[in-house]
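Engineer: Any chance you can model this:
(2 chains)
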Amino acid sequence: MAPMRSRSIRLRDPSQSARPQGFRRHVAVGAMAAAGLLAAASNAQAQAEATPLASAGPASNDPLEGFNRASFKLGMSLDGALLAPITHGYMAVTPRVVRDRVSAAIYNLGEPNTVMNQVLQGKPRQAVRSSARFVVNSTVGVAGLFDVAAKMGLPPRGADFGQTFGRWGAGPGAYIYVPLMGPLNVRDGVGRALDIVTDPVSLFVGGLETDFGKARIATTVVDLRARTDSAYHALDDAADPYVTTRSAYAQYREALVREATGETEALPDFDAPPPEPTPSPPAANP
Amino acid sequence: MILPGNTMRNPSPTRRGANAALLAFFGAAALSIASPALAQSSARDPSAEAFVQAKAQRVISVLANKSMSETQKKQVFRQAVDELADVPRITNFVLGKYARTITPEQRARFTPVFRTYAENVYQSRIDDYRGEQLKVTGSVVRKPGDVIVNTVVSGGQLGQPVPVSWRVLGGGANWKVVDVQFKGIWLAITQQQDFVSTIDNAGGNIDVLTNQLQKGGSGRR
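Structural biologist: Down below sits the predicted model:
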């Protein structure tokens, strides 16, 4: 612990260090407050939505659709111009085994955050298992490159703040598309911000102000893009890629929340299409 | 680092982090008491499980088969899909609310176009995973005749087994898959939202969707 601590001090310019930390605390407090509001609002909303809608899957809550569609378009062209070429280059020069090692190492750095969230979700046993994973994989697994723990019967179980809020009863809230960050909703956006400001590895080892933090974020982005490459290809087949992304994201996140709550999924009746056939205006949900 | 006399033991990020963690632990303890009891159904359906084990395995085996030519593969895949999935029911489902308003002529055009489109899509989705063995891990009876069968696909080029769920309707000797789920995402549900939005944005004209599927998606390539 001691050498690590001294390193983090050395890397920070003492005259500047006060501000980012104060800022960080403000962000955290703000995010917490936002989360509280969000939870209250979405509870009310969940009650309003309690009657099962006839439409398939989670109802899309997208009041900013016009803005989001423009963001999506921008995001996709930025991806095509910037991120996709970098990722495809990376995928061309590295074999799959190497990329899997990189993914494992990045996942391992997120494990402390997972532990924190499993605690917050009231899952102490999972938290202990994830802690054990972190210790084993960081040491025997050579800085997380090899998932030794999975072979010892400790498979990965991810957790994040968005999922934690879901476990506490917060609904997803409005859908937002942020270029280069991808699809989000209010709950998971607040969650993502909290994941970043409270990340134990950033706090203890080094955040964005360190070389480690910069390398980590760059690797995380490219790794995530490479892992979702087939999903990007799948979008080519969609009639409306924007809606496909929105639908897939909502389902993916809700499945993660159900993993934490243990609820069973509400599925549409397969043979009864929704009654009202109202063309043109995008279905306005309550 | 701000208070004098405190420079030697810099308490900031580490100490603050530890405090936050402590707080979090206590908060969580309180919350876990408050969380409601969870409803979970545990009934399994062995005949639905056996159906998925046999027919879904066949579809995966066809795609993993390296000795068949592409055209041969397409043909056998088509057959395997017919045995596995209820294509007419899915065709109806993906139209959502427009299944009620579609004219017989529009349906006659849409049906074969969707079939070809869906075959390509499902084949490339399954190809993305390139697994070889499918193993049923359990099932959940939603109601009699409506079962989710959970499986894991492994082997082939998969580093880790991938969980895949199948929604099967029917019963006895007449089970058929109507939807497949990877990573929480149901393919038919996603397609329904995609298609309904496309028709909505075309002012309710179903032919616009049919034309687009015929061209092969959004053409964003």
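Engineer: quick one: the strands in chain B?
Structural biologist: Taking DSSP state E, the strands of chain B run over residues B:133-143, B:146-154, B:162-169, B:176-182, B:185-186.
Engineer: Including mean neighbour count and distance to chain A, could the ones you listed go into TSV?
Structural biologist: C-beta here means a position set from N, CA and C on the backbone, and glycine is covered the same way. Output for those, formatted as TSV (neighbours: other C-beta atoms under 10 Å in any protein chain shown; distance: least, C-beta to the nearest C-beta, whole Å):
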stretch	mean neighbour count	distance to chain A
strand B:133-143	17	7
strand B:146-154	21	8
strand B:162-169	21	6
strand B:176-182	22	5
strand B:185-186	22	5
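Engineer: Now tabulate the ones you listed in TSV and tack on mean pLDDT.
Structural biologist: Converted to TSV, the strands of chain B look like this (pLDDT from 0 to 100):
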stretch	mean pLDDT
strand B:133-143	93
strand B:146-154	94
strand B:162-169	94
strand B:176-182	94
strand B:185-186	94
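Engineer: Residue A:123: which of those is closest?
Structural biologist: With C-beta to C-beta, the closest approach to residue A:123 among those belongs to strand B:162-169: 19.4 Å.
Engineer: tell me the angle of that closest one relative to strand B:146-154?
Structural biologist: Orientation check (axes from the mean of the first three to the mean of the last three C-alpha atoms, to 10 degrees): strand B:162-169 against strand B:146-154 gives 150 degrees.
Engineer: Strand B:162-169 pairs with which strands, parallel or anti?
Structural biologist: Here strand B:162-169 has these sheet partners by DSSP bridges: strand B:146-154 (antiparallel), strand B:176-182 (antiparallel).
Engineer: That one versus strand B:133-143: what angle between them?
Structural biologist: Going by the same axes, to 10 degrees, strand B:162-169 makes 40 degrees with strand B:133-143.
Engineer: Just the residues contacting strand B:162-169, thanks.
Structural biologist: A:267, A:270, B:48, B:51-52, B:56, B:86, B:89, B:129, B:131, B:134, B:137, B:145-154, B:175-182, B:186 (C-beta atoms under 8 Å, 6 or more residues apart in numbering or on different chains).
Engineer: What mean pLDDT does the longest helix along chain B get?
Structural biologist: Taking DSSP state H as the criterion, chain B has its longest helix at helix B:104-129. Mean pLDDT, helix B:104-129: 88.
Engineer: Over to stretch A:124-132?
Structural biologist: For stretch A:124-132, the per-residue pLDDT averages 96.
Engineer: Tell me the buried residues in that stretch?
Structural biologist: Neighbour-count burial for stretch A:124-132, counted by 16 or more other C-beta atoms under 10 Å in any protein chain shown, picks out A:126-127, A:129-131.
Engineer: mind putting those in TSV, secondary structure and distance to chain B included?
Structural biologist: Shown next, in TSV, are the buried residues of stretch A:124-132 (DSSP: H, G, I helix; E, B strand; the rest coil; distance: C-beta to the nearest C-beta, whole Å):
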residue	secondary structure	distance to chain B
A:126	helix	12
A:127	helix	9
A:129	helix	16
A:130	helix	14
A:131	helix	12
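Engineer: so can I have CSV of these showing distance to residue A:226?
Structural biologist: Shown next, in CSV, are the buried residues of stretch A:124-132 (distance: C-beta to C-beta, whole Å):
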residue, distance to residue A:226
A:126, 27
A:127, 29
A:129, 27
A:130, 24
A:131, 28
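Engineer: Tell me who's in contact with residue B:57.
Structural biologist: Residue B:57 is in contact with B:133-134, counting by C-beta under 8 Å, 6+ apart.
Engineer: repeat for residue A:68
Structural biologist: Taking C-beta under 8 Å, 6+ apart as the criterion, residue A:68 is in contact with A:62, A:175-177, A:242, A:246.
Engineer: So it: helix, strand or coil?
Structural biologist: helix (DSSP: H, G, I helix; E, B strand; the rest coil).
Engineer: re earlier: neighbour-wise, which one of the contacts of residue A:68 leads?
Structural biologist: Sorting the contacts of residue A:68 by how many neighbours each has (other C-beta atoms under 10 Å in any protein chain shown) puts residue A:246 first, at 27 neighbours.
Engineer: how long is stretch B:173-188 end to end?
Structural biologist: In stretch B:173-188, first residue to last residue: 23 Å (C-alpha to C-alpha, to the nearest Å).
Engineer: Much appreciated, bye for now.
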